[in-house]
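*Asks:* predicted model follows, preceded by the sequence.
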Amino acid sequence: MAERIQYDPKPAKIGPDAHEELDRLLNSLHEHGVLRFANDLVSANTKVTEVLVSGLGKPGTLNAIQNLSILGMALSRIQPNDFYKVIFAATDSVNALAANGAPKTDAEAPGVRGTYKMLQDDQLWQGVMPLLEAIKVFAAGLEREVDKPITSFTGKPGQQ
């Protein structure tokens, strides 16, 4: 009797395999000079490190890094919907200012009656009240003492 033949067909090749993709990536990195740059960077590591350390050790650089991190912390507290509203409201107001131009010099002052009418304008007050509240909150924030910004943000005591 004949023995059974063991044959497992290989699956059809659909796309490049991992080795071919790696070769293609390596070739692309070489063609665009990334490999040469990385090699030069590794070869000059002490010089690059000296430049980075001397640049990062300056007070101005440290302040910039800390200010960027504080900006990131502040942005993380703002809901995207609220941020969207504020940014596009500011954009619309800047566009309105640009469209209306500078105030006209021949316009008359509103006088007592005109001022009284403005004080009775509900739409004006609805627009001004959020600004007044924002100014109050801003002023209260300026009064707050801050030892270290990260301690204020996280609520955790800083390292001594």
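*Replies:* Structure received.
*Asks:* next one: A74 from G141, what distance?
*Replies:* Separation of A74 from G141 (Cβ to Cβ, to the nearest Å): 11 Å. For glycine as for every other residue, the C-beta is placed from the backbone atoms N, C-alpha and C.
*Asks:* no, scratch that, I was asking about A89
*Replies:* In this view, A89 and G141 are 20 Å apart by Cβ to Cβ.
*Asks:* and if you look at K85?
*Replies:* 20 Å.
*Asks:* ditto for R24
*Replies:* 54 Å.
*Asks:* same question for D122.
*Replies:* The value you get for D122 to G141, if Cβ to Cβ is used, is 29 Å.
*Asks:* over to A64?
*Replies:* Counting by Cβ to Cβ, the separation of A64 from G141 is 22 Å.
*Asks:* please, where are all the helices along the protein?
*Replies:* Per DSSP state H, the chain carries helices over the ranges 18-31, 34-43, 45-56, 59-76, 80-100, 111-119, 122-143, 149-154.
*Asks:* next, format the ones you listed as JSON lines and append mean neighbour count, mean pLDDT and distance to I5.
*Replies:* Shown next, in JSON lines, are those (neighbours: other Cβ atoms under 10 Å; pLDDT from 0 to 100; distance: least, Cβ to Cβ, whole Å):
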{"stretch": "helix 18-31", "mean neighbour count": "10", "mean pLDDT": "93", "distance to I5": "30"}
{"stretch": "helix 34-43", "mean neighbour count": "11", "mean pLDDT": "86", "distance to I5": "48"}
{"stretch": "helix 45-56", "mean neighbour count": "10", "mean pLDDT": "80", "distance to I5": "59"}
{"stretch": "helix 59-76", "mean neighbour count": "11", "mean pLDDT": "88", "distance to I5": "65"}
{"stretch": "helix 80-100", "mean neighbour count": "10", "mean pLDDT": "88", "distance to I5": "64"}
{"stretch": "helix 111-119", "mean neighbour count": "10", "mean pLDDT": "84", "distance to I5": "98"}
{"stretch": "helix 122-143", "mean neighbour count": "9", "mean pLDDT": "87", "distance to I5": "82"}
{"stretch": "helix 149-154", "mean neighbour count": "14", "mean pLDDT": "67", "distance to I5": "69"}
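*Asks:* this completes my enquiry, with thanks.
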